[in-house]
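# What shape does this take:
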Amino acid sequence: MEFQQYFQDELEDHAKVLADTRASLAEPFEKMLAAWTHSIQNGGKILFFGNGGSAADAQHLSAELVVRFIDDRAPIAAIALNTDTSAMTAGANDLGYDAIFARQIDALGKPGDVAVGISTSGTSPNIIAGLEMARKKGLVATALTGRDGGVMPDIADPVIIIPATSTRRIQEMHITLGHMLCGALEKSLKLA
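Below is the predicted model of the structure:
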């Protein structure tokens with residue numbers, strides 16, 4: 001394999017997805033930021049959850065908010081539900097894997113909190129169940145996804161749908177936009 005060509009092709013593909021994201025996602029980004037800001041300003045918290053690489057993104061973004069992203073500031077209430085291995089494995093064993101996030105949201109979520117389900121396909125059953133529980137409990141159900149959005153647009157608002165079909169490109173944009181949301185949230189809270 002010609003690795004220099006692979007190197008160039010991957011960067012070109014990334015650049016195209018970045019350009020498509022820039023062209024189409026400013027409005028959903030602003031809506032997501034508004035949901036996060038409103039929740040935190042009113043004593044709420046942000047509950048992130050995902051599977052695999054999306055679980056890593058959930059944990060990463062939660063840490064950026066709880067500790068700090070850019071500025072030294074008060075902690076922002078956030079949690080990654082996929083980091084509680086005892087709750088996840090007990091839930092999977094006793095209730096089934098599809099219920100692991102819904103159960104935690106039922107236990108920890110309150111009206112005005114924001115649930116952020118992360119799924120590159122938009123069809124992960126446990127993410128869908130978590131978002132449905134969030135709506136039932138009065139949380140703001142939001143999602144980061146890709147491809148055609150799967151069922152996320154039917155159960156979450158706002159939804160950021162990365163205009164790509166490749167899982168790796170979707171994940172790259174999720175963490176990029178996630179970082180941008182963390183930075184924008186810090187700025188929004190400072191202005192309030």
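
# give me every residue that touches the residue lying closest to residue 54 once chain neighbours are set aside.
In space, residue 54 comes closest to residue 118 once its chain neighbours are excluded; the distance is 3.9 Å by CB to CB, 6 or more residues apart in numbering. (Each C-beta comes from the backbone N, C-alpha and C, glycine too.) Counting by CB atoms under 8 Å, 6 or more residues apart in numbering, residue 118 makes contact with 48, 49, 50, 54, 55, 57, 58, 127, 143, 144, 145, 174.

# again, only this time at 10 Å
Shown in contact with residue 118 (CB atoms under 10 Å, 6 or more residues apart in numbering): 48-58, 61, 80, 82, 124, 127, 142-145, 152, 160, 170-171, 174-175, 178.

# which residues pair with it across the strands?
Bridge pairing for residue 118 (DSSP bridges) gives the partners residue 50, residue 144.

# so how far is residue 58 from it?
Note on residue 118: its distance to residue 58, by CB to CB, to the nearest Å, is 6 Å.

# okay, and the common contacts of those two?
Counting by CB under 10 Å, 6+ apart, the residues touching both residue 118 and residue 58 are 48, 49, 50, 51, 80, 82, 144, 174, 178.

# Burial check on the third one, number of neighbours?
Neighbour count for residue 50, taken as other CB atoms under 10 Å: 29.

# Touching, it and residue 116? I think so.
Yes. Using CB atoms under 10 Å, residue 50 is in contact with residue 116, at 8.6 Å.

# who touches both of the two?
Contact criterion CB under 10 Å, 6+ apart; residues shared by residue 50 and residue 116: 57, 58, 61, 80, 81, 127, 130, 143, 144.

# Please give me every residue in contact with the fourth one.
Residue 80 makes contact with 46-50, 55-63, 66, 116, 118 under the criterion CB under 10 Å, 6+ apart.
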